[in-house]
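S.K.: sequence unknown, structure follows:
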């Protein structure tokens, strides 16, 4: 059918307008078919930028962090060294890797914990530009080609100072991966552990300079015969070696103390599989031939004093001297921390009445109350009752002796420190009268006594005297 020209024009115009309208609608409504090319291009640009950024960070990390394998002389143990050159927190760590996943996991946890400790210390430092470093070294030893000991030495340096030096050890059976703990090594026998503890306590005090600087209360606690106190050990060169962290017992100690004992010496208390083939003429069971020694008992009355007693305790520690403190009950509660410190450092606590009254002048009831009340306050603070009693002014009678129920102790040398209050007169009074098993009277409430005590201890040591508690003197005289 033939169309008129105006109809064709109208039809074409309608088609054109419709196309324009559809196009505009699609653009406005964000039809994905229209926009996909633009979005895709934008995404590709973003992804490209992120990839470049990630590559840059990864390359930077690769430049500061490296892990390489280093030679190992032990079969089944690979050694790796991880270094970080990051100036914010550089470190160098050497660690082993074995066929036993459980041991590897334990080592990984130790390394990770050490890192976090280091990073935390770095964050807390006030000077971010200060020199810093974490350094973990590894020493490996073998025994009977079966048992392996790994000793980690960790050092953290901040501002050019070594702020932390600690040890960690791991001993295991190379064939089974089983951890070797002290219980296994010493045949699961507590008596064996007690023998070891007694020996180790004395052994640590032998090196020159250690005995004077070790905090004996802390050392006695650390060396107590509990299995977990002996976990940090290794078997090296046929010896049992105990490691202790730097300044674990006293900040005055230089270096990190350790105790090394030949296995042949320990053979009688070792499980059979760990005993050395080397035989020793003397062992840990061999009786010790003690040289005759001279002893004296230093006693301090009328305390405790908040500051002076503490000074005296520190001086006694310095010279490894023990003493007996006869305390006045009414002063105990207000100085509980000092009283606890006296007991913790291994000194003896005695009863010296409640308020230093002349007990022989009091009624029976009041005299007994003075003693009982003092006993109770000392027990409340320390958990232990006094082991000796000294009546004020040295005045005693049968009634007091019966009330005390513990040894009643006076003295053999009175330094007269209470009278002169002169530190220079303390030593001459002792030098003039000293003999074996003397009991020396002093007072821990006078500053002059604290000031003169060190010269007394130096003199006693040179003369070969050991300073012990009153109860030890009494026991030797029975």
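M.R.: Good, I have the coordinates. Predicted model, so just to flag it, every value in this text is computed and none were measured.

S.K.: Need the pLDDT of residue 211.
M.R.: For residue 211, the pLDDT comes out at 65.

S.K.: To clarify, my last question referred to residue 289.
M.R.: Value for residue 289, per-residue pLDDT: 63.

S.K.: can you give me the helices for the stretch 51-200 of the chain?
M.R.: Along the stretch 51-200 of the chain, counting by DSSP state H, counting those that start in this stretch, helices occupy 101-124, 182-185, 190-204.

S.K.: which one of these has the most crowded surroundings?
M.R.: Among those, helix 182-185 has the highest mean neighbour count (mean count of other C-beta atoms under 10 Å), at a mean of 19. For glycine as for every other residue, the C-beta is placed from the backbone atoms N, C-alpha and C.

S.K.: tell me which helix or strand of the chain sits lowest on mean pLDDT?
M.R.: Here the helix or strand of the chain ranked lowest by mean pLDDT, DSSP states H and E is helix 32-64, holding a mean of 44.

S.K.: hang on, the earlier thing: with mean pLDDT and distance to residue 352 as extra columns, can I get the helices of the stretch 51-200 of the chain in TSV?
M.R.: Formatted as TSV, these follow (pLDDT from 0 to 100; distance: least, C-beta to C-beta, whole Å):
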stretch	mean pLDDT	distance to residue 352
helix 101-124	95	47
helix 182-185	97	43
helix 190-204	92	31
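
S.K.: Between those helices, which one is closest to residue 235.
M.R.: The closest of the helices of the stretch 51-200 of the chain to residue 235 is helix 182-185. By C-beta to C-beta, the value is 8.3 Å.

S.K.: Grab the most central residue of this structure for me.
M.R.: By C-alpha atoms, centre = their mean, the chain has its centre lying nearest to residue 248, at 4.6 Å.

S.K.: just to revisit the earlier point, of all the helices of the stretch 51-200 of the chain, which lies closest to residue 149?
M.R.: Closest approach to residue 149 among these (C-beta to C-beta): helix 182-185, 11.1 Å.

S.K.: which other residues reach that closest one?
M.R.: Applying C-beta atoms under 8 Å, 6 or more residues apart in numbering, the contact partners of helix 182-185 are 193, 227, 230-231, 233, 240, 270-271, 274.

S.K.: 6 Å instead, please
M.R.: With C-beta atoms under 6 Å, 6 or more residues apart in numbering as the test, helix 182-185 has contacts from 227, 230, 274.

S.K.: circling back: excluding sequence neighbours, find me the nearest residue to the residue nearest to the centre of the chain.
M.R.: Leaving aside its sequence neighbours, residue 248 sits nearest to residue 222 (C-beta to C-beta, 6 or more residues apart in numbering; 6.7 Å).

S.K.: and stretch 386-400, which residues are buried?
M.R.: Residues of stretch 386-400 classed as buried by neighbour count (16 or more other C-beta atoms under 10 Å): 386-392, 396, 400.

S.K.: cool, stretch 447-463 as well?
M.R.: Within stretch 447-463, the residues that qualify as buried are 448-453, 456-457, 460, counting by 16+ other C-beta under 10 Å.

S.K.: go on, stretch 220-228?
M.R.: Neighbour counts over stretch 220-228 (16+ other C-beta under 10 Å) mark 220, 222-223, 225 as buried.

S.K.: same deal with stretch 123-141?
M.R.: For stretch 123-141, the neighbour count (16+ other C-beta under 10 Å) marks 132-136, 138, 140-141 as buried.

S.K.: what's the closest of those residues to residue 154?
M.R.: Looking across the buried residues of stretch 123-141 and measuring by C-beta to C-beta, the closest to residue 154 is residue 136, at 4.9 Å.

S.K.: The closest one and residue 162: what is the separation?
M.R.: Counting by C-beta to C-beta, to the nearest Å, the gap from residue 136 to residue 162 is 14 Å.

S.K.: Columns distance to residue 66 on top of the contacts of helix 182-185, output as JSON lines?
M.R.: Shown next, in JSON lines, are the contacts of helix 182-185 (distance: C-beta to C-beta, whole Å):
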{"residue": "227", "distance to residue 66": "40"}
{"residue": "230", "distance to residue 66": "38"}
{"residue": "274", "distance to residue 66": "39"}
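
S.K.: quick check, nearest of the residues you listed to residue 314?
M.R.: Relative to residue 314, the closest of the contacts of helix 182-185 is residue 230; by C-beta to C-beta it sits at 28.6 Å.

S.K.: Could you measure from residue 422 over to residue 193?
M.R.: Distance check for residue 422 against residue 193: by C-beta to C-beta, it reads 50 Å.

S.K.: what do you get for residue 458?
M.R.: Taking C-beta to C-beta, one finds residue 458 at 37 Å from residue 193.

S.K.: and if you look at residue 277?
M.R.: Counting by C-beta to C-beta, the gap from residue 277 to residue 193 is 24 Å.

S.K.: same question, residue 235
M.R.: Note on residue 235: its distance to residue 193, by C-beta to C-beta, is 17 Å.

S.K.: from what I can see residue 170 touches residue 150, true?
M.R.: Yes - between residue 170 and residue 150 there is a contact under C-beta atoms under 6 Å: 4.5 Å.

S.K.: where does residue 431 land in three-state SS?
M.R.: helix (DSSP: H, G, I helix; E, B strand; the rest coil).

S.K.: Please read off the pLDDT at the spatially closest residue to it that is not a sequence neighbour from the model.
M.R.: Leaving aside its chain neighbours, residue 431 sits nearest to residue 459 (6.7 Å; criterion: C-beta to C-beta, 6+ apart). pLDDT, residue 459: 97.

S.K.: hang on, residue 459 in a helix?
M.R.: Yes - Residue 459: assigned to a helix according to three-state DSSP.

S.K.: Any stretches of this structure with poor pLDDT?
M.R.: Along the chain, the parts satisfying pLDDT under 70 run over 1-63, 208-213, 250-255, 288-292, 478.

S.K.: Map the structural domains onto the sequence of it.
M.R.: The chain resolves into domains spanning 60-178, 181-289, 294-476 when parsed by automatic domain parsing.

S.K.: Can you say which of those domains is packed in most?
M.R.: Greatest average neighbour count among the domains of the chain goes to domain 294-476 (a mean of 18), per mean count of other C-beta under 10 Å.

S.K.: Now do that domain: distance to the chain's middle.
M.R.: How far domain 294-476 lies from its chain's middle: 31 Å, per C-alpha atoms, centre = their mean, to the nearest Å.

S.K.: Going forward, count from 14.
M.R.: Got it, the first residue is 14 from now on, which makes the last one we talked about domain 307-489.

S.K.: Straight-line length of that domain, end to end?
M.R.: 11 Å (C-alpha to C-alpha, to the nearest Å).

S.K.: All the strands of the stretch 364-491 of the chain, in order from the start?
M.R.: Applying DSSP state E, counting those that start in this stretch to the stretch 364-491 of the chain gives strands spanning 401-402, 426-427, 451-456, 478-481.

S.K.: and those as JSON lines, adding distance to residue 325?
M.R.: Converted to JSON lines, these look like this (distance: least, C-beta to C-beta, whole Å):
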{"stretch": "strand 401-402", "distance to residue 325": "18"}
{"stretch": "strand 426-427", "distance to residue 325": "17"}
{"stretch": "strand 451-456", "distance to residue 325": "9"}
{"stretch": "strand 478-481", "distance to residue 325": "12"}
